[in-house]
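Peer 1: fold the following and give me the result.
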Amino acid sequence: MKIVLIGAGNVATHLGRALQEAGYEVVQVYSRTEESASVLAGKLSAGYTVDIDMIRRDADLYIVALKDTALQELAGRLVKGREQALFVHTAGSMPMDLWKGYALRYGVLYPMQTFSKQREVDFRTVPFFIEASAAGDLQLLHEVAGRLSPKVYEATSGQRKYLHIAAVFACNFTNHMYALSSHILEKQGIPFEVMLSLVDETARKVHELSPVQAQTGPAIRYDENVINKHLELLADAPPVQELYEKISKSIHNLK
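Peer 2: Okay, the predicted model is just below:
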């Protein structure tokens, strides 16, 4: 199977490496930026292009890992002249049917993980959510994803939207809390590394307990004495103070 990667960002970089390690042939990388295209293509021993018209037309599978706006903008141009191939995108928040009217065969290959180019990812732990317009292509995506991870699930576009929202809360918002914590500590000359044991244990607990069961701290019991003292300390940062108060109420109300 010949695969073309459309995009050279975090998702495309990790997915390209994983596909290659699984024995698939990535024959070309497309990106609007020559530097990113050439770097990823070099890692995969593949060709590259920055011209949509020069994207190969003989591939079996085109995996599109672009920002949502770029995906919508370029979908029609990407498919033109390649209508017989299977086109999939990797976006959690975009519907499968964005391909409708352009591609004859289409679907979704969504790896639900946070990706950074400078960090390796063990794909055996990554859940993949797949969807396809035809049963045969759904089976093909099962095979592709299954060679990357044992955790492969079928999910509709509607379900995937909620998966994406849940992932934002579990990952992006959580990481922002780390950033706020780091900022508070930095003002006191304390390194963020003192929080790492706490961060790690919090993550480990939800492997054994539900998130609600794992919740601790002043908000779960709504200890107003502690909460009010914390709010006083945050008086010089009203947006953070408001966030603290709202999250504390949300924790208490969800118990």
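
Peer 1: when you work out contacts or count neighbours from here on, use the C-alpha atoms and nothing else.
Peer 2: OK.

Peer 1: listing request: residues of this structure with sub-threshold pLDDT.
Peer 2: For the chain, applying pLDDT under 70 flags no range at all.

Peer 1: so which residues of the stretch 101-250 of the chain form strands?
Peer 2: Remark: strands assigned in the stretch 101-250 of the chain by DSSP state E, counting those that start in this stretch are 105-111, 128-132, 152-154.

Peer 1: could you dump the ones you listed to CSV with mean neighbour count?
Peer 2: Converted to CSV, the strands of the stretch 101-250 of the chain look like this (neighbours: other C-alpha atoms under 10 Å):
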stretch, mean neighbour count
strand 105-111, 25
strand 128-132, 25
strand 152-154, 18
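
Peer 1: mind checking those for the one nearest to residue 11?
Peer 2: Shortest separation from residue 11 across the strands of the stretch 101-250 of the chain is recorded for strand 105-111, at 8.4 Å, computed as C-alpha to C-alpha.

Peer 1: what about residue 240, distance to residue 54?
Peer 2: Distance of residue 240 to residue 54, given as C-alpha to C-alpha, to the nearest Å: 49 Å.

Peer 1: span of stretch 1-14 from start to end?
Peer 2: End-to-end distance (C-alpha to C-alpha), stretch 1-14: 19 Å.

Peer 1: more crowded one of residue 240 and residue 54?
Peer 2: Each of residue 240 and residue 54 has its neighbours counted (other C-alpha atoms under 10 Å); residue 240 has more, 14 against 10.

Peer 1: skipping adjacent residues, who's closest to that one in space?
Peer 2: Nearest non-adjacent residue to residue 240, counting by C-alpha to C-alpha, 6 or more residues apart in numbering: residue 234, 6.9 Å away.
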